[in-house]
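Asks: sequence and predicted structure are below.
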Amino acid sequence: AKIEILNGPNLNLLGQRQPEIYGHETLEDVGNACARLGQELGMQVRCRQSNHEGVLIDMIHDARGAAQGIIINPAAFTHTSVAILDALSAFEGPVIEVHISNIHKREAFRHHSYISARADALISGCGTQGYLLALQHMARLLG
Ligand code: DQA
């Protein structure tokens with residue numbers, strides 16, 4: 001199975017950005033760890049990032065008919081984007097929403113997610129390990 005891992009704005013700075021919240025691992029480290037676990041689970045994993053809402057929407061459209069599952073950390077767009085929700089609603093396979101931090105332990109404006117209405121599962125507060133947990137769950141959903 002092909003799995004797309006999509007990351008939203010500022011996650012290109014993972015490892016440098018507020019490491020007390022998001023940790024010291026870079027997005028490249030996360031992508032490599034996901035590719036390794038994907039191999040063990042028989043899944044072909046691609047990890048991508050954009051700072052632009054429309055680019056993320058195009059990536060979701062491209063996954064239609066091409067990938068079997070989407071794991072997405074929409075970052076700040078989680079709390080603002082009906083457009084990303086709608087794009088995910090046009091994707092036929094399982095969607096897992098990941099947040100590195102526990103969004104419910106933070107500012108009130110992070111407590112609501114537009115994406116959760118479409119997500120089959122939500123992982124928040126497990127650090128970058130959350131991406132690996134999401135992949136394991138994705139393997140179960142697709143298996
Ligand atoms: C985040 C949480 C969001 O509130 C924030 O805007 C991010 C990252 C997380 O992974 O914890 O950029 O999605």
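Replies: Sure thing, it's come through.
Asks: export the worst-scoring helix or strand of the chain on mean pLDDT to CSV, keeping only CA atoms.
Replies: Within the chain, no helix or strand scores below helix 19-22, which has a mean of 96 by mean pLDDT, DSSP states H and E. Only the C-alpha atoms of helix 19-22 are listed here, as CSV (Å, rounded to 0.1, in the frame of the first residue of the first chain):
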residue,chain,number,x,y,z
PRO,A,19,12.1,22.3,20.6
GLU,A,20,10.6,22.3,24.1
ILE,A,21,7.3,21.7,22.4
TYR,A,22,8.1,19.8,19.2
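Asks: just checking, what packs against that helix?
Replies: On a contact count with 3 or more Cβ pairs under 8 Å, 6 or more residues apart in numbering; DSSP states H and E, helix 19-22 meets no helix or strand. In short, each C-beta sits where N, CA and C put it, glycine included.
Asks: quick one: name whatever helix or strand follows that helix.
Replies: helix 27-40 (DSSP states H and E).
Asks: show me what the helix or strand immediately after that next one in the chain is in contact with.
Replies: Using DSSP H and E, the helix or strand that follows helix 27-40 in sequence is strand 44-49. By Cβ atoms under 8 Å, 6 or more residues apart in numbering, the residues outside strand 44-49 that reach it are 1-8, 11-12, 27, 30-31, 34-35, 37-38, 59, 67, 135.
Asks: and the residue most central in space within the chain, how far from H24?
Replies: Most central residue of the chain, judged by C-alpha distance to the mean C-alpha position with Cα atoms, centre = their mean, is I72 at 2.0 Å. Plainly put, I72 is 23 Å away from H24 if you go by Cβ to Cβ, to the nearest Å.
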